[in-house]
Structure formats: C-alpha cells, structure tokens
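# Need the 3D shape of this:
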Amino acid sequence: MSLQFQNDCGDSVKLAIIEELQNLLSANTNVLQQAEKRIKQLEYTEGYGVYLSEIIMNQSHELPLRQIAIVMLTRYVENHWTDVNAEGLKNDKANSCMASEQAKRTIRNILPNGLYDPNSKIRSSVAHTISTIASTDYPHGWTELFDIIVKCLGGNEDSIHGAMQVLQDFTYDVEQIKELGPVVIPEVYRIFDSEQNYSIKTRVSAIRILKPLFTSIAALITDKQEQATMMNSILNNFMDKLLHYLSMNSGAGSNFLLRSEIIKVFTHVVSDCSKYINPFMERILPIIWQLLTQIAETYVKVSVNQTEPNPLPSGDNEDDDEQTNFQTLIIQILEFINCIVTCSKLRGCIKNVLADLIYITIVYIQLSEEQLEDWQEDPEKFVDDEDDGGVELTVRMCGRDVLLAINDEFGAKAIQPLQEALGRHFSVAEAEKAANNPNWWKIQEACMDAVHGFRDIILEGDSKFDLLNYLTIVRNLLVHQESPHLVGRALWTLSTYSKSELYNPQMVAEILDVTLCSLSPEKTHILRISAVRTLHGFLQANEATEGEKRTLLVSKLPGFFDGIMALVSGCKATVLALLMEALTVMIQFDADFAYAVHGKVTPLAIAVFLKYAEDPYVLENVQDLIKALCQRKQCLVLLQEKFIPTIVSILGLPEKHNTEKQDIALDVLNTIVKYTEPPLSSALLETAFPAVMNCLLHTDDHAVMLAGGECLRSFINVSPGQICSYNNGEGVNCIMQVVATVLLNPMNSEMTAAGQIGRLVITIITKMGSMLGPNVDMLLKAVISKMQNLECLKVIMNLVLIFAHLFLTQMDAVLNFLSTVPGPNGEPAMQFVLSNWLSRQNSFFGMYERKVTTMALCKLFEYGVATQDNRLTSITYKELVEDPNDSRRRTRSVAAANQKWATIPALVKIFKVLMSEYQHFQESKTDEPLTDTDDEEGEVEDEATSSAQSRFISDLYVEYDKDNVEDELLLKELLKETNYTGDIAENLQKFLTNFTQNEHFPSFYEHLNEAERLILHNKLQQQK
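The predicted structure is shown next:
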C-alpha cells in the first residue's frame, strides 16, 4: 500500500469499513439498512477502494467478509472509476467523486495478488473485478496487465485458474486478439491436455476461454481469410484432444462437467460460425450419438423411474457433483443437436436419421420421478412446467425444444420419421404394460407430448399423418384412471385436435364426460387441473364451430363451471390464473352462458383482484376476464355496479395506506372503460372519472401516474364529448390540469411520462381538438418543456411521437408553432425538437412508433426539399464525426476527449436517418442469417422453413403490435394523410431512389460517409 494512505486517519477509516462490511452480513434488517447508508458515505473517503482491496487480500479475515468486500469494490469501480462509458458518453452509474489516479494505481497493483488466492471463490470474484477495470484501463492505463496474465498462466494451479477467470470475462479488441491469442491459446491447450498435472476444474476453465475467443474472432476480424486462418488453426490444433476427452469414460482425466464444456464449445461454433466446424462433423456426430444413446438407459433407470440407486457421486460444488453434471451433459447434448437442426449448413447431417433422433429424444422427455413428486406436492409447479416450461432448464424441456426445432425446420418431411418412432415406442409400451411394469405409461405420455409439437402440420391434412389411428390409441388410454398423469395428458391431447372432422358428436360427448368426471373433487389435483386445460382446449379449438358440436359444448358448460368454482377455493396464484383463463374462454364462447353465470363470476373477479393485486400474471388474467364480461352487454351493468365502488374506494384512500393497489385499480378501471361502448354510464362519468382526476392530482407515485394516464386516454377515446362537458364544461380544464401540471411537469421526474404519454396527448388533440381552443398551444409547450434533460429513451420517443403525428396531419400548423415558440435554451423550438428526435430515431422501438416517426421524417424532408422553407432550412444539427482510419483502442476518457463534431443542415441529417431506417426495415423483412453470410455450399433446401431472426430492438416488440387493433387503426388513419402504402420499406426505397434524381441531391450526397454511400449504391440501385 502507498505511504500516502498509511496514517492514523486511514487506519480508522479502514476499521470503520470493516465494521460496516460485517454489519452488511447481519440478518437484522435495521442493522443492514444502516450499514448500507454508512458504506455509501464511506465510498467518498480517500482510499476507500484501496482499503477494500487490502481487506480482500488479507486471508486472516473470514471468507464472507472478504466476499462482501469484493462486491463493494466492484460497485465502487462501476460508480467511481470513470465518468464515461464505452461509447464515450456519460456513465449513468458514475458518481461525482471519482477515484484518484493514485488510488487506481494502488488498486491495480494489489488486486492481481488475489489471482493466487487459495480460495476459488475469491479468485473468481477478483478476476471479475480485474476484468471490469480492464474494460476501461487496458491497454493504455494498465499496460502491465498482459504480463500479469502471462505470469499467472505460468504459475501454480491457483494462479492459472485465476488468470483463466479473467480471460473468460475479458472484452477483446482486434489488437488484443492478435496480441493475446498467440500466448493464451497454446497455454489453454497445454493446461487442457495436462490431465496428470491439473484438476478437472482448472482444465474446464481453460476450455471456457475458447468461447469468448471464438466470439471475438468472428465479430472483430473482418478479413474473412484472416478470420478463417485463426479459426481453423485453433480447431485443427484442439479437435483431436477435444474428441478424445469427449469420448473417454469418466475418470481422472474426464468427467461429465468437462465433456459438457467441450460440447458447449461445439454448440457455440455451430451457432455463430458453422462453416468452420462443418469439416469436423463426420467425427463429432458419431461420438455425440454414442453418448446420447449409451447414457439413455442409465437416465431412465436412475432419473425417470428410479428403479436403481444413483451410482454417481454427489457434491457441494459443480466439480464434485457428478449427479448434477450428468443431467447437465444430457442438456448440453440436446442443445447441441438443437443447433444442428436449426443450422441450414449442417441440417443435412441428420436428415437421414430423423426417426432415430426423434425416438431417442422422446425417451428423454419422459416424466421423472422427481418431477412427479414435485407436482404432487405443489400443483403450482405442475401448471408452471406444463404451460410455460417452468423456470428451470430440464432435460424434458430441452428434448421438447429439439422436437419443436425438427418441426420448424423439416415440416411435413418429419412426419414419416415421427410415425416410425411412435410405432416403436407404442410397441415397447404395450410390452411393458403386459409385463406389469408400473412405469409403462410414461413413454405413452412422452409420445403425446412429442406429437403436440407437430400438431399444426398434422391438422393441415397434407402431412399423411395417421391421425385417426393416433386418436384411437389416445382414446383407449382414458380407461387407465390409475395413472392420472396419463389420463390428463390424453384428455388434453384429444381436446387440441377436436376441431378435426374426425370428431363426431358421440366422440365429443364421450371425451367431455370423462373430462367432467375428472374435475370431480375426489380426483387428484393433477387430473382436475388437466381437465380444466382440456376444457380450454376444446373451447379454443371450436370457437368458430357451429352446429351440433357447439351445442354439445354449450350444454356441458354449467357442469364445468361448477367444477371450476369448486377448485377455486383451495388453489394458489398460478392455478388460479389458469382457472381465470378458462372462465374467460367460457364467457367468450357463449353469451347466454355468460349472462347466466356473471353474477358469480363478477364477485370472484373482484375477490381475486383484491387478493392478488401485486401478482401481474394473475392480474392479467383477471383483466382478460373483465374484458370478456365487458364485451357481453348484458353483463356490463352488474360489472360496473360491483367494481366501480371498489375501485373508487381504493383511489380515494391516502397513498400511504394503499399505494400498492392504486395503479392496479386504475389498470382494471381502464379495462372496463376501454371496452365500454358510448355513452359512458353515470357511474363511470360522475363517480369514476373525478376519482381518477383527484387521484392523479394528489399522487407522486410514477406507477399511479402511468396507469392514470392510460385510463384517462380510454375515457377520452370512448366519449370525448361527455368528458369535455363534464361538470358544466370543466372537463377540458381538468384534463389540462392533470396532463400539463402533473404528467408533463418538467419539475417532476421524467418517469411521469414513461407510459403512453405521447398517445394520450395525440388522443386529446385528435378527439377533442375543436373543443380545446388555446389549450393546444399550452399542451405542446408543456411537451417541449418536458423534453429537457431527458435520459430515458422511451419518454423521449413518446414525446417525439406527438410531433411526428402532427407533422403527418397538420404540417403547416406545427411548423408555425415550432418556429415561433422558443426552446428551453432560447433557440427555436424546431431546433430543440429535431435535435432530440434525430439523435435517437434509430434507437426507437415498437413497430407503430418506428413507422409513424419514420413516415413523419419522410414527409418533413419532402416538404423541406420541395419548398426550401426557411423554417426548416435554417435548422442545423451537430453530428459526431468518426475517423474511419482510426482503429486504435483507447480508454473511454481518452476517446471522449478526442471526439470531433460537425454542424450540418438538419435536412441532411434527416436524409441520413432515413437511409438508416430504410436499411432497418429492409433487413427486418429478409431471412438473411446474422453470420456466415459468405456464398458457400450448404444445406439450403429447407431454409424457407426457417424464421427470420430479430436484428433490432424494435423487432422484439413486433409480436405485441401485430395484435394491437388500436395501432392498426391509427396507422390506417395516418396513411390516409400521406401518399404512403402499408409497406414502409418499399416506401423508403421508392422515396430514396427518386431523390437521387432530384436537383438538390448532389448537395446532400457530399455530406454522406462511405457507409451511407454504400447503402445508396448497393441497396437502392439493385432495387431499380
């Protein structure tokens, strides 16, 4: 430690830190909270990080104390080490008190000693902290780190393990790959192959280095020849030994953990750069197949049926626990096979053995005794595992994934192999049943589970699957009531195919009667829950069915309703959510039934809402039930009569008594209002609406504000006239007071506008425009004020959306407004809005938001170029200029100091943004793989069945938007205001291509960088 930190004051600070670290380990909540406050104060003490480093290195301290010291040191590094992030922007975590250079230097000198610590937990944690520091300081601020790592690799087993941990977390750049690679890779090989000198744990750490290395090479080495040379060199050198240890039996040299890590490396290479592993597949696959088939018998006897004791040793950590590692190995093999199936270049390797692959995979998806015991003890886990796959990664789940991948990639071509595998399993099951094997039913249940993944293809009718024979086999299983899991699976399976013409009324009646019987109280909870799932399956499959089958289903609904209500009282959240979902489908299925039971369903919905208000999953199902009731007009009166007083009561309570439920109450009210047809009832307008206004005006809870804003939007959407005329015309003033002074108040947290504030303001303007008068300007000024100093992308996007909508619908009016109103810093508001918008457009997410803002920029650009309107041409944009020839790695602070900026016309920036948006929308339509884009031979015949992968953040939201009717209607309305069609990519392609012929194009072209010019030349010209 440096002398500057060694003084009496320093010793007292160090003792104080040790005391507070010990308090952080306390089980007493008050002591813990006080320690957290005190330790945050100590972070500002000179030498805080140094003292933590010394505590970590001091082996005389107890292990928990050293571990909590590492946690605090890592937090200190994240918050106090640098004030810029990897992009050179302000670090969100950065604190005002940065560590001094002296403190940093001392910490960097102390920490590497922890890589030699005899405790592996300390080594791993210290390694992570070193990697965190290296991400900012290496190489310029920590030039000696390379030598430290090399020295550790040549040291004892502890230091080798420590160095490996650093390299696992390390973020490489091009120079580091070329610098570290030649040193690290031979050491990795030496350690991995030295089974006599190093433990399995150390050898596993060595193998784990390969994955980040491969990732960095594939991502950073852009020269394909150089990349291929590096990848092939590593694989050629390692492959013999990898396959040797993968194929050998467990022992001193290889165990399940080591083999799992080897397969994990193969899986990664298949996923990210399959062309490099393709030449080795003829050697890899036989070993993988041998492993998969050889250990199947052990897995069935030990895990599935538990007919034999587990011969594998257990342990407290992953190195010694071969029982867990055995399961891990199976999971890793199945994940590897999954990657093979989904890889177009390698899929052909298995197409001729599909029947055998499906057969062995079905063996692995059998229910284990451990899982059955868990389900028996906890019905919640049964619902979780069967409906959502559960939270744990299990062999059964991975097997299911393999079968789903086969369905996705091979389609109808997999049906014949599937039938072959089923035939073999059914024969084995019959023989086992005849031999009185009590576990005979498990393979039958697994077969039904497997076939479900192929259901859509089977129901299409062109797959040549013998559905009649299959359904007959499944129906015959219903007599085995001694096996509730089997009967439950059979019932649910039969329900999912019930829309088939093979189902006659007699068959439907027979299955429904067995299902209803299975719901009776004396049955096991597994069978009763399965009966509820079966009913849901029948109703969902036959929602559009008419005639005798529908009549039969409706006639059985009352009996099922009684069975479900009897099940409600004793169940917990997850099962209750399933029951709510079933009731929702029943309400939607028949209006007369809905009216007959709504007197019982409505109080149940209220009770569940009040009890599970903090459970989002249950609440979502309650709201779906409320929505279904709202859509049955004859149920609406009672629903409002029962719910509104409860909601109003919650909204009227002081926040300190009920803050956790007010936002939930507003969500439920929003559902009721949203699906209510105008006019609004007296209860909604005279009681609920003022309660919402009052709640919003007196809350400082962000969640309540967001939920209240959405609720207010629904009120305005349904009946704007009634809202405006509320309380003798005070409705507009009430809305303005809430929106402008609460949600858009710049003095409040930015998160008050984190909901759908953009859509709320748009709804106010479009639905109440003529009734607002001068309030429109006040509303837009509030929006501009709120845009100041925002950091949350969602909030900025929501506010930009308002102006995007106005540019599309009221171009001249909004141009006048933004040109005459000053921004927060005195510049025209147009300058302020466009600067915030254009810098973030490419990061916007949500298909509706992305399309609207892009269309608005198109219209704005076309208008500006055509008219040369000074209100637009006078606006400029400050753009970061990147030097394409500068590939040097710098620390973040140095990078930030060397940034260069250029001022360009805003219209030029809009043009650049639109080119980027064109690339985004065009690529999101294609099915191009993210890697391996070279034109090489490969298995491509089945690529049409592959689904496109998400490339952008906004792609992750598409599924939510597809079903959003409101978004679709809004887009259609906006498209009427423009010349654009529904395909935004085609619009942009046409727009950009046409502009290249415009007289103003040369003045824009000169501002483009090489990447942007490439888009024009390569993309647009090809579309001509």
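
# Ile644 touches Leu684, doesn't it?
Yes - if you go by CB atoms under 8 Å, Ile644 and Leu684 touch, sitting 7.0 Å apart. In this view, the C-beta of every residue, glycine as well, is placed from N, C-alpha and C.

# More neighbours: which of those two?
Per other CB atoms under 10 Å, whichever of Ile644 and Leu684 has more neighbours is Leu684, with 21 against 18.

# right, and the secondary structure at that one would be what?
Under the three-state scheme (DSSP: H, G, I helix; E, B strand; the rest coil), Leu684 adopts helix.

# Point out where the stretch 151-300 of the chain drops to low pLDDT.
Scanning the stretch 151-300 of the chain with the threshold set as pLDDT under 70 gives 249-254.

# typo on my end, it should be the chain
1-10, 84-96, 249-254, 315-320, 388-391, 655-660, 882-899, 924-982, 1019-1024.

# quick one: the strands in it?
Secondary structure of the chain (DSSP state E): strands at 876-881, 900-905.

# okay, those strands, which one's buried deepest?
strand 876-881 (a mean of 14; mean count of other CB atoms under 10 Å).

# Enumerate residues external to it that contact any of its residues.
831, 834-835, 838, 899-906, 908-909 (CB atoms under 8 Å, 6 or more residues apart in numbering).

# that older thread, which residues are common contacts for Ile644 and Leu684?
Ile672.

# correct me, but Cys152 touches Leu115?
Yes - using CB under 8 Å, Cys152 is in contact with Leu115, at 5.2 Å.

# Mind listing the shared neighbours of these two?
Common contact partners of Cys152 and Leu115 (CB under 8 Å, 6+ apart): Ser159, Gly162, Ala163, Val166.

# before we move on, the earlier item: closest to Asn694 out of the strands of the chain?
Each of the strands of the chain was scored for nearness to Asn694 using CB to CB, and the closest is strand 876-881 (43.6 Å).

# how far does the closest one sit from the chain's center?
Taking CA atoms, centre = their mean, to the nearest Å, one finds strand 876-881 lying 33 Å from the centre of the chain it belongs to.

# Can you dump the C-alpha atoms of it in PDB for me?
Taking C-alpha atoms only, strand 876-881 is exported to PDB below (Å, rounded to 0.1, in the frame of the first residue of the first chain):
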ATOM      1  CA  THR A 876     -28.800  22.700 -38.100                       C
ATOM      2  CA  TYR A 877     -27.700  19.600 -36.400                       C
ATOM      3  CA  LYS A 878     -24.400  18.800 -34.500                       C
ATOM      4  CA  GLU A 879     -23.100  15.400 -35.700                       C
ATOM      5  CA  LEU A 880     -20.300  13.300 -34.300                       C
ATOM      6  CA  VAL A 881     -17.600  12.700 -36.900                       C
END
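
# change the start of the numbering to 742 and stick with it
Right, with 742 as the first residue, what we last looked at is strand 1617-1622.

# got the angle for that strand vs strand 1641-1646?
150 degrees (axes from the mean of the first three to the mean of the last three CA atoms, to 10 degrees).

# What strands flank strand 1617-1622, and is each parallel or antiparallel?
Strand pairing for strand 1617-1622, determined by DSSP bridges: strand 1641-1646 (antiparallel).

# can you list contacts of the strand it pairs with?
Here strand 1641-1646 makes contact (CB under 8 Å, 6+ apart) with Thr1614, Ile1616, Thr1617, Tyr1618, Lys1619, Glu1620, Leu1621, Val1622, Asp1624, His1748.

# From the chain's centroid, how far away is that strand?
Strand 1641-1646 sits 36 Å away from the centroid of its parent chain (CA atoms, centre = their mean).

# Would you mind writing the CA trace of that strand as PDB?
C-alpha atoms of strand 1641-1646 as PDB (Å, rounded to 0.1, in the frame of the first residue of the first chain):
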ATOM      1  CA  LYS A1641     -14.900  15.600 -33.200                       C
ATOM      2  CA  TRP A1642     -18.200  17.300 -34.100                       C
ATOM      3  CA  ALA A1643     -19.500  18.900 -37.300                       C
ATOM      4  CA  THR A1644     -22.500  21.200 -37.900                       C
ATOM      5  CA  ILE A1645     -24.700  20.100 -40.800                       C
ATOM      6  CA  PRO A1646     -28.200  21.100 -42.100                       C
END
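
# What are the buried residues along the biggest helix by length in the chain?
Assignment by DSSP state H gives helix 965-988 as the longest helix of the chain. Neighbour-count burial for helix 965-988 flags 968-969, 971-972, 975-976, 979-980, 983-984, 986-988 (criterion: 16 or more other CB atoms under 10 Å).

# Check which helices and strands it sits against.
helix 915-934, helix 951-961, helix 997-1018, helix 1022-1040 (3 or more CB pairs under 8 Å, 6 or more residues apart in numbering; DSSP states H and E).

# and the ones you listed as JSON lines, adding distance to Lys1264 and mean neighbour count?
Shown next, in JSON lines, are the helices and strands packed on helix 965-988 (distance: least, CB to CB, whole Å; neighbours: other CB atoms under 10 Å):
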{"stretch": "helix 915-934", "distance to Lys1264": "55", "mean neighbour count": "17"}
{"stretch": "helix 951-961", "distance to Lys1264": "49", "mean neighbour count": "18"}
{"stretch": "helix 997-1018", "distance to Lys1264": "40", "mean neighbour count": "22"}
{"stretch": "helix 1022-1040", "distance to Lys1264": "31", "mean neighbour count": "15"}
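
# In JSON lines, list the ones you listed along with distance to Ile1506.
JSON lines is the format used below for the helices and strands packed on helix 965-988 (distance: least, CB to CB, whole Å):
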{"stretch": "helix 915-934", "distance to Ile1506": "51"}
{"stretch": "helix 951-961", "distance to Ile1506": "46"}
{"stretch": "helix 997-1018", "distance to Ile1506": "48"}
{"stretch": "helix 1022-1040", "distance to Ile1506": "61"}
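
# Of the ones you listed, which is nearest Glu1173?
When the helices and strands packed on helix 965-988 are compared by CB to CB, helix 1022-1040 sits nearest Glu1173, at 14.3 Å.

# Compute the number of surrounding residues for Glu1161.
15.

# Tell me the spacing between the closest residue to it other than its chain neighbours and Thr847.
Computed as CB to CB, 6 or more residues apart in numbering, the closest residue to Glu1161 that is not its neighbour in sequence is Ala1096, at 4.3 Å. According to CB to CB, to the nearest Å, Ala1096 and Thr847 sit 65 Å apart.

# which of these two has more neighbours?
Neighbour totals were compared for Ala1096 and Thr847, and Thr847 leads with 21 against 18 (other CB under 10 Å).

# Show me which residues of stretch 1360-1370 are buried.
Those would be Leu1360, Asn1362, Val1363, Gln1364, Asp1365, Leu1366, Ile1367, Lys1368, Ala1369, Leu1370, for stretch 1360-1370 by 16+ other CB under 10 Å.

# Kindly apply the preceding question to stretch 883-891 instead.
Those would be Trp883, Leu886, Ile889, Ile890, for stretch 883-891 by 16+ other CB under 10 Å.
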